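Q: Predicted model and sequence follow; I will ask about them next.
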Amino acid sequence: MAAVQDGQMELDAEKETKPEILSDGTSNLSGNTASGTLSSSPLTAAPAGGAPKMEDQQTLIAVLQFLKRNKLTDSVEILRREAGLGEDQEDSQATDGSGGGKGDVDGGDANSLLSRVSITSAAAPQSMPVKRADDQPDVSVVLSAYSQQGDPSLYQVYYSGLKNFIESVLDCHRAELSQLFYPLFVHMYLELVYNNHENEAKAFFEKFSGDQECYYQDDLRVLCGLTKKEHLKGNEVLLDFRTSRFVLRISRDSYQLLKRHLQERHNNQIWNIIQEHLYIDIFDGMPRSKSQIDSMSGSLAGEGRRELNKAKVFHGLLKEPEIEVPLDDEDDEAENEEGKPKKKKTKKDSLGSKSKKQDPNAPQQNRIPLPELKDSDKLDKIMYMKESTKRIRLGPENLPSICFYTLLNAYQGLTAVDFTDDSSLLAGGFADSTVRVWSVTPKKLRKVKSAADLNMIDKESDDVLERIMDEKTASESKILYGHSGPVYGVSFSPDRNYLLSSSEDGTVRLWSLLTFTCLVGYKGHNYPVWDTQFSPFGYYFVSGGHDRVARLWATDHYQPLRIFAGHLADVTCTCTRFHPNSNYVATGSTDRTIRLWDVLNGNCVRIFTGHKGPIHSLAFSPNGKFLASGSTDGRVLLWDIGHGLMIGELKGHTDTIYSLKFSRDGEILASGSMDNTVRLWNSMKAFDEVETDDFTATTGHIHLPDNSQELLLGTYHSKSTPVTHLHFTRRNLLLAAGAYNSQ
Amino acid sequence: HQSSTGREERRFAEVPRESIKLMAESTGVELSEEVAALLAEDVCYRLREATQNSSQFMRHAKRRKLSVEDFNRALRWSNTETVCGYGAQDALPFRPLKEGELFFVEDREINLVELALATNIPKGCAETMVRVHVSYLDGKGNLEPQGTVPTAVQSLSEDLLKYYQQITRAILGEDPHLMKVKSVSHDLDQLNRLLHMVKSLVQNPYLYLGSYVRSLVSSVMYCILEPLAASINPLNDHWTLRDYAALLLSHIFWTHGDLVSGLYHQILLSLQKVLSDPVRPLCSHYGAVVGLHALGWKAVERVLYPHLPAYWANLQAVLDDYSVSNAQVKADGHKVYGAILVAVERCLKMKALSLTLAAEGSSAGLPGTTTGAVGFRENSPGLSPPPEPLSEPPLGIASHLQAGGAGCQWEEWTPVSLPAMYCELYSFFGDSLAVRFSTDPPLGGAPPPGPCQPLEGRKEPASSAPNLENTRKMPQLTASMNISPRQDGSPRMEPQPPSLAATVPGRSLSRSSSSSSVSRSRSSSSRPGRSTSQSRDIFPKSRFPLPQAGPPAFSFIIGGRQMGRRCQGRRFQTSFTPTPPLTTLPPRAYAHKLPVIGRVSKPVRRWTCSHYSLHLPL
């Protein structure tokens, strides 16, 4: 543990936090106030702060009720006192839970347990009465919402009535209203199942399942197997479907049309479902076209709410540190380095003045406490700068060379690969629970000498770092044993001293690459951990697993610092990535959404929907503005983080995309897939072509040009080797890795 | 799980309640109908749930195939006991039992003792390693997609492409180098595989090969004619490969020949070229001969027969070189000799047959072709040689041959009368030809006795036919006895010594005299040991009745060589001295051994036996 890099965390009282984020009552901000480091207690502790706004009050009331019910009277007292709530207030609020008129602007949608205490969707002009039961996070109560029994035989009539209506409306509205089909279908089916109308449910499914969009097939397959109330209880996916609201984005005109229809027909069954289980996000303006809707839909929980994606995200890069670069033969320009608090030793040289001005979109340098640079880190930075001066400028006419690292004889099954930033080491995670590390340079891997031997060396000598290494242990590769299940994720620390691995056994392990032993096993995920990644500055890392949460850890804490909960699907975070400025974490999930989390306060600040299959790869562009994601449907989607919008779709792969990487300058996006190809995309063009004016439109949706073929710069086949990992060297040589598949 | 029946209903398999009841009974629980039904439904659901969960594990392991291990992990994480014993990587065959609706996973018994004491201990898996190579330089590099189909097949339709991929996967396995025949000429097994692939392609009635026939033919021709790398090692049985390829060639030709115009012509030309090229190794010549033979007697008559005199000199030179260094070449020479013999024999027989059939057909009003075609169909397993028409090969091709083959040698070829041909051939092969004629069993038992009679009548062997029956069971030497009557007849038919023989008489005379002394001494020394007194009579008979049809010694020597049949005869003339036990062996058993010696590695297939009398025991 001593090896854990633990720089002094600087205290900083000046936390710049935007009020709208702070105001979210569901997040735990206790870490901000007293100390500068991130709170080391999980965020899911009881909320302790937050302005008592209307919606927060509601949340508090829900908590109070929960505490009361569990006979935690002391806690009730304390909470009530601290929040300044009167008892009467609570009662009155509780009895008629009518929502505050403001709507849940703050994006406290579902990122903690409490968010399930749904706040009424008052963004709609009609303030809908909220059922008392809806205030309860309790599962059985949620399910009991289904207890309202309509005549089961009429469900088909209701549904087909709505169907006929939607099919008869004007074309411009039809596409929008068609979005209703899927959630209504699922809810009605579940209602039938819940009320034990098995045969009616089956008939209902038979009749209408064919109408649903093809990208819901996977869900429908799960659904059709479910015909018993008992099964409903155990199925977490559907439980989540119940407890979260399906978000639809509909223009006001279309919505009025729908409402009028339902009221005329007295179609209460459907109206109830819409009110209780759907969140209709209404916007003014032109209804969207079918293609626009299709590009955004497909996730398990509908689209992301528009308001949610409006939270400010500091997607700029941190200021580069001013490091004195020895001016030797090369013209060492100050590179766009990530910033650190200025070192006292750093001399301000002539290049210092050249360093760029602070990016207006960048977060405060110390918004997240970051470890100090060590001398070795600075040496590495210098190396990095030297290398980057030799970097090849890539472009459509100047494509990178590709080196393929093929893992031969990987009978045990290669599951994950990572390269160090300087491309000197390669780590592979295998299904036989081992992690293997190879040196891909002539320099062999060596262990540190034993303690007894270390005592004998001269600690004052200049080459002490060389002397501590044991030449006898030099070899090209080392095997790390420790996990008890397949290793699904590996990640090198930026300083190349550590390696993280996450495994099916529910642990994340930290390995020392000096001793090649396991240092820490982080236990927190109770289920398989699908992925883990170090922060670009080290120290922090994030992991995501089968338990539907992502966790943020620091290497020197055995408990997670943050728990990012909110993904709906049975598994989250098949891929977790740090933003280049380390302030944000992106996670992809099998619920077909991508979420961007603020490391500082644990909020979900972006939800990106549009993928039609589980997401298996993510990549931030080097400038931090864009995100690329790849999924099992073989498509790569490009997102603008600042505006929270999809800006591109890259079609071409025929199988799951397991790897995405931007070139060092961000001109080229490389994608590697199960279909044994690497494809290069002109990301510069994709980003440039987006008209930023579109973003300012209130509707917040854009029309995507179908220009995949123009953007595709090349398709490169491997020799029956699925591409597991891609990496650009500092000079923009593309490295790909995968295991040869003899079948 | 073992008794669960897979039945497709809606989108997923269901476990019927009968299975549930059965399993309950096996554990001693009696279930009512409703309980079983409920349980069955629940089991179905749970199975599907577990399967869905397990797909997560598959995806994260970056595999396409769901493994039992994935399923077990899903079970483990839902706190369910895992299913043990199915961890094998290979697919387990799920078999139905005919009696009763029972399905089970095949579980073969493994002999542990054998496994433990096995000498070929499997090596452990090779170490996992990383290899790097530059795939694409500057994004250009090798733009031809690797690992995909070569350009030649890219123009195929999608279905054919799939078919192609299936085939390549099935045949080539993991070895993409097999794409080119030449690259594997060292590996007979792979060539064999390739030929079998060609065979199955040709036999696929649903596949229209079109112009691809040409490329198929070229690769088969390669196998027939080229001096393969594998031929260097005498232990490699490339002969069988050539035989098979030749057979395949004729099959392709007879079934698909009409697809490519001039194919017959081309094949004949290339075969002829090889044959007339003395620089080519003998194995190529052998290939050419068997190729011609496989293409039918007409081809033999047209190409091989005119070439024979010229070729014979070369062959004879090889055969008569007794030096040790020449042993291997000589063995090859014997192969060629045998092949020519068979081809010629067949040619003669067919010619005779066709003549008689023509005569008969005219009288009976039956086209000879059909009779012949029917008569010569062989019902052999595997690749049956196509029915060989007695007349010219299919009209279109034949006419093309006539028209397009300007300047070709066979253009000037005029049919030689059967007797003349026989005489000429006899001058080369001597008694051995006659031996074959008389002793060869009727091909496939097909030639009807009717047609045979005139043939024999013409050559006057009829009188020997009764003897034949008795003598066939006699040891080898007795076989030549049957020849003698015929020899008496043949000179009469043959007014002149063959004209071609005149070009080499001096040489052959001198040669034969020199070699005859050797062989005679050998054979005379061996004869007392192994032959009966009866057989001693044969030789004078066979020697003397040919006073003017060439030097008597000539035929005698060949006949003497034939004692041991081809290579075998050569061998014991040069290297072994015959051992007395040989005679005590029953003739059949001895004859059985013969082909085995010649062909080392492969057992002779039945069809080859039936077709090539080369491999027939006497």
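A: Alright, I've got the coordinates.
Q: Excluding sequence neighbours, find me the nearest residue to A:S461.
A: Once flanking residues are discounted, A:S461 sits nearest to A:R467: 6.4 Å by C-beta to C-beta, 6 or more residues apart in numbering or on different chains. C-beta coordinates here come from the backbone N, C-alpha and C atoms, glycine included.
Q: Contact partners for the one you found?
A: Neighbour list for A:R467: A:457-458, A:461 [criterion: C-beta atoms under 8 Å, 6 or more residues apart in numbering or on different chains].
Q: and with 10 Å instead?
A: Going by C-beta atoms under 10 Å, 6 or more residues apart in numbering or on different chains, A:R467 touches A:449, A:453-454, A:456-459, A:461.
Q: Give me the ChimeraX select line for those residues, limited to the buried ones.
A: A single ChimeraX command is used to select the members of the contacts of A:R467 judged buried by 16 or more other C-beta atoms under 10 Å in any protein chain shown:
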select /A:449
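Q: Turn the contacts of A:R467 into TSV, including secondary structure and pLDDT.
A: Listed next are those as TSV, based on DSSP: H, G, I helix; E, B strand; the rest coil; pLDDT from 0 to 100:
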residue	secondary structure	pLDDT
A:K449	coil	85
A:D453	helix	83
A:L454	helix	83
A:M456	helix	82
A:I457	coil	81
A:D458	coil	78
A:K459	coil	76
A:S461	coil	79
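Q: what's the residue nearest to A:S461 sitting at in phi/psi?
A: A:R467 adopts backbone torsions of phi -70, psi -30, taken as degrees, to the nearest 10.
Q: quick revisit: and which of the contacts of A:R467 is nearest to B:K65?
A: Using C-beta to C-beta, A:K449 is the member of those that sits closest to B:K65, with 45.1 Å.
Q: secondary structure class for the nearest residue to that closest one once chain neighbours are set aside?
A: Nearest residue to A:K449, sequence neighbours excluded (C-beta to C-beta, 6+ apart): A:D470, at 4.5 Å. A:D470 falls in the strand class when you classify it by DSSP: H, G, I helix; E, B strand; the rest coil.
Q: neighbours around A:D470, how many?
A: For A:D470, the tally of surrounding residues (other C-beta atoms under 10 Å in any protein chain shown) stands at 15.
Q: What residues does it make contact with?
A: A:446-450, A:453-454, A:515 are the contacts of A:D470 under C-beta under 10 Å, 6+ apart.
Q: ok, so of the residues you listed, who is nearest A:Y488?
A: Set against A:Y488, the nearest of the contacts of A:D470 by C-beta to C-beta is A:T515 (23.9 Å).
Q: List the backbone torsions phi and psi for that closest one.
A: phi -100, psi -10.
Q: thinking it is in contact with A:L454, fair?
A: No. Counting by C-beta atoms under 10 Å, A:T515 does not reach A:L454; the two are 11.1 Å apart.
Q: Please enumerate the shared neighbours of those two.
A: A:448, A:470.
Q: Show me where the stretch 201-350 of chain A has its strands.
A: Taking DSSP state E, counting those that start in this stretch to define them, one finds strands in the stretch 201-350 of chain A at A:246-251, A:278-283.
Q: deepest of these, which one?
A: Most buried of those, by mean neighbour count (mean count of other C-beta atoms under 10 Å in any protein chain shown): strand A:246-251, with a mean of 23.
Q: Mind giving me the packing neighbours of it?
A: helix A:171-178, helix A:181-194, helix A:252-265, helix A:268-277, strand A:278-283, helix A:290-296, strand A:604-609 (3 or more C-beta pairs under 10 Å, 6 or more residues apart in numbering or on different chains; DSSP states H and E).
Q: Just the C-alphas of the second one, formatted as PDB.
A: This means helix A:181-194. Taking C-alpha atoms only, helix A:181-194 is exported to PDB below (Å, rounded to 0.1, in the frame of the first residue of the first chain):
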ATOM      1  CA  PHE A 181     -46.600   2.200 -28.800                       C
ATOM      2  CA  TYR A 182     -43.700   0.500 -27.100                       C
ATOM      3  CA  PRO A 183     -44.100   1.800 -23.600                       C
ATOM      4  CA  LEU A 184     -47.800   1.400 -23.600                       C
ATOM      5  CA  PHE A 185     -47.500  -2.100 -25.000                       C
ATOM      6  CA  VAL A 186     -45.100  -3.100 -22.300                       C
ATOM      7  CA  HIS A 187     -47.000  -1.600 -19.500                       C
ATOM      8  CA  MET A 188     -50.300  -3.000 -20.600                       C
ATOM      9  CA  TYR A 189     -48.800  -6.400 -21.000                       C
ATOM     10  CA  LEU A 190     -47.200  -6.200 -17.600                       C
ATOM     11  CA  GLU A 191     -50.500  -5.100 -16.100                       C
ATOM     12  CA  LEU A 192     -52.200  -8.100 -17.500                       C
ATOM     13  CA  VAL A 193     -49.500 -10.400 -16.300                       C
ATOM     14  CA  TYR A 194     -49.500  -8.800 -12.900                       C
END
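Q: can you pull the buried residues of it?
A: Buried residues in helix A:181-194, counted by 16+ other C-beta under 10 Å: A:181-194.
Q: Whichever residue of chain A sits closest to chain B and A:R731: what is the separation?
A: Distances between chain A and chain B by C-beta to the nearest C-beta are smallest at A:L399, namely 2.3 Å. A:L399 sits 14 Å away from A:R731, going by C-beta to C-beta, to the nearest Å.
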